[in-house]
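Asker: Following is a predicted model, sequence given first.
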Amino acid sequence: MSQQAEATHPPEFPAAKSLASRIARYLGIYAALWKTSVTREMSFKGNFILWIIVELLWFGLQLSFVSVLFSQTKSIGSWTAWQVVLLTGASNFIQQIYQAFFLVNCTNLSELVRTGKMDFLLLLPVNTRFVVSTRQVDLSSFANAAFAACVMVFAAHKLHLHPSLVEIMGFAGLCIAGLLIHYSLMFMLASVSFWTVRAQGIVWGYYNLFNIARMPDEAFHGAFKAVFTFALPVLLVSNVPVRVLANTLASPFPLLLLLGLGLFWALVSQWFWQLSLRRYTSAST
């Protein structure tokens, strides 16, 4: 009878059910945050449209820079003109996706600390870092990311690239690793506000380094290349995914380096966040 009962009623896994319910709970919270962000954005439609236009103009200037650059030379190292256009599109795509999900939240962290609103977030029955990192979504950046994706498709067509599904998935996975690096580093810099109160200058300073990512890695040498490959790996973030897409990756080392640094900076960022929270004394003390 016991064997029949076991066959009729399969064993339950409380841990798996608990994890599934927790994931569902956080997805519900994130959906509510998205709804709030959409409502906020649609309340200021003029600003929404204007920001899209400004970002598109800036992206157009980046593409114009590529045109001017290659009017004087035929290649930068092994990078051809259309490969650099592909790189510029990929860099802007990653930047806009990051901006859509995380930029506003990272820059607002110092205000939460300064005004004492962090007290309220710490009392919520959810992970504090999750709420701090996802409170707002910049919807206009998705439109600019779509335009960057169109530029990438056009550049790939000019290069006669026909990436397989595996290569496209690899590109997407490496972009996620790049986003993790950007998020981890910028969130860690934003956490400096627990010591300095205001850290927007530091955060925006790192954000400006995003522009380095649109340049071919072979354009840099020496200490500069070492710093922005290993310490602040902005060169890896877009160069490696594009090399995978364009079949120009000479060895798997840059790929493994990007994935490894993504994991490393995620762990360091979480450690620094916990250290920063211990520093926080709330607005009432």
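Answerer: Nice, thanks for sending it over. Numbering: from 1, shown residues only.
Asker: going forward, measure contacts between C-alpha atoms and count neighbours the same way
Answerer: Noted.
Asker: helix or strand for Val84, which one?
Answerer: helix 81-98 (DSSP states H and E).
Asker: With His182 instead?
Answerer: Under the assignment here (DSSP H and E), His182 is part of helix 165-190.
Asker: Would you mind listing the buried residues in whatever helix or strand comes next after that helix?
Answerer: Following helix 165-190 in sequence order, the next helix or strand is helix 193-196 (DSSP H and E). Residues of helix 193-196 classed as buried by neighbour count (16 or more other CA atoms under 10 Å): 193-194.
Asker: Tell me which other helices or strands helix 193-196 touches.
Answerer: Contact here means 3 or more CA pairs under 8 Å, 6 or more residues apart in numbering; DSSP states H and E; on that basis helix 193-196 packs against helix 104-115, helix 253-279.
Asker: looking at these, which is buried most?
Answerer: Between the helices and strands packed on helix 193-196, helix 104-115 has the highest mean count of neighbours, a mean of 20, where neighbours are mean count of other CA atoms under 10 Å.
Asker: For it, list the C-alpha coordinates in CSV.
Answerer: Extracted C-alpha coordinates of helix 104-115, given in CSV (Å, rounded to 0.1, in the frame of the first residue of the first chain):
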residue,chain,number,x,y,z
VAL,A,104,18.1,56.4,-12.8
ASN,A,105,18.0,54.1,-9.8
CYS,A,106,21.7,54.2,-9.3
THR,A,107,21.9,58.0,-9.5
ASN,A,108,18.9,58.3,-7.0
LEU,A,109,20.6,56.2,-4.3
SER,A,110,22.4,59.2,-2.8
GLU,A,111,19.1,61.1,-2.6
LEU,A,112,17.5,58.2,-0.7
VAL,A,113,20.4,58.3,1.8
ARG,A,114,20.4,62.1,2.1
THR,A,115,16.7,62.5,2.6
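Asker: Let me see the mean pLDDT of it.
Answerer: Per-residue pLDDT values over helix 104-115 give a mean of 89.
Asker: for whatever helix or strand comes next after that helix, which positions count as buried?
Answerer: For helix 104-115, the following helix or strand on the C-terminal side (DSSP H and E) is helix 118-123. Neighbour-count burial for helix 118-123 flags 118-119, 121-122 (criterion: 16+ other CA under 10 Å).
Asker: how about these in JSON lines, adding distance to His162 and pLDDT?
Answerer: Putting those into JSON lines (distance: CA to CA, whole Å; pLDDT from 0 to 100) gives the following:
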{"residue": "Met118", "distance to His162": "49", "pLDDT": "90"}
{"residue": "Asp119", "distance to His162": "52", "pLDDT": "90"}
{"residue": "Leu121", "distance to His162": "47", "pLDDT": "90"}
{"residue": "Leu122", "distance to His162": "49", "pLDDT": "90"}
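Asker: coming back round to it: can you list contacts of the helix holding Val84?
Answerer: With contact meaning CA atoms under 8 Å, 6 or more residues apart in numbering, helix 81-98 is reached by 59, 62-63, 66-67, 70, 74-75, 141-142, 144-146, 148-149, 151-152, 155-156, 158-159, 175, 178-179, 182-183, 210, 213-216, 237-239, 242, 246.
Asker: leaving aside the residues next to it on the chain, what's closest to Lys225?
Answerer: Of all residues not flanking Lys225 in the chain, Asp217 sits nearest, at 7.6 Å (CA to CA, 6 or more residues apart in numbering).
Asker: Tell me the pLDDT of the one you found.
Answerer: For Asp217, the predicted pLDDT is 89.
Asker: thought it was touching Val234?
Answerer: No - counting by CA atoms under 8 Å, Val234 is not a contact partner of Asp217; they are 9.8 Å apart.
Asker: Appreciated, that's everything.
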